[in-house]
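Visitor: the following comprises the amino acid sequence and a computationally predicted model.
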Amino acid sequence: MTIYIESVYIALIAWVYSVILTEPDMLLNRVYVSLEKYLPGWLFNPLIGCVYCVGGQMALWYGIYFLWSDYNVINHILFISITIFTIEIINRVNGKFN
């Protein structure tokens, strides 16, 4: 059960990183603008540009690293899905739709 709570934490981290900190006058705005200019979309989105992509990537690699000793592909897919679904809930509560 705790891994699913961790997926909510990852969703919050991804949302703050990709949405809040990239807004104008925030810490990562210059990085966001520079990467948007020079990287193709398929690389830009999972790094910072798409909150769903960022959250999915974080959940993917977190799951591979921390769940490997007891790895189950179905649990991993569920872990990633809960992360992305939580981001959708956060977006709807906040009124942001990507």
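Guide: Alright, I've got the coordinates. Note that the structure is a prediction, hence the values are computed from the model and not measured.

Visitor: can you give me the helices for the protein?
Guide: In the chain, the segments counted as helices under DSSP state H are 2-15, 29-38, 41-44, 51-66, 73-94.

Visitor: right, and the ones you listed - which one's nearest residue 22?
Guide: For these, proximity to residue 22 was assessed by C-beta to C-beta; helix 29-38 is nearest, at 4.1 Å. (C-beta placed from N, C-alpha, C; glycine too.)

Visitor: residues in contact with that closest one?
Guide: In this structure, residues lying in contact with helix 29-38 by C-beta atoms under 8 Å, 6 or more residues apart in numbering are 21, 22, 23, 44, 47, 48, 49.

Visitor: what's near enough to touch the spatially most central residue of the chain?
Guide: Among the residues of the chain, the smallest C-alpha distance to the mean C-alpha position (C-alpha atoms, centre = their mean) belongs to residue 55, namely 1.5 Å. Under the criterion of C-beta under 8 Å, 6+ apart, the neighbours of residue 55 are 10, 11, 14, 15, 18, 83, 84, 86, 87.

Visitor: can you tell me the closest non-neighbouring residue to it?
Guide: Nearest-residue entry for residue 55: residue 14, 3.6 Å, with adjacent residues in sequence omitted and distances by C-beta to C-beta, 6 or more residues apart in numbering.

Visitor: pLDDT below threshold where in the chain?
Guide: When residues are selected by pLDDT under 70, those of the chain lie in 1, 96-98.
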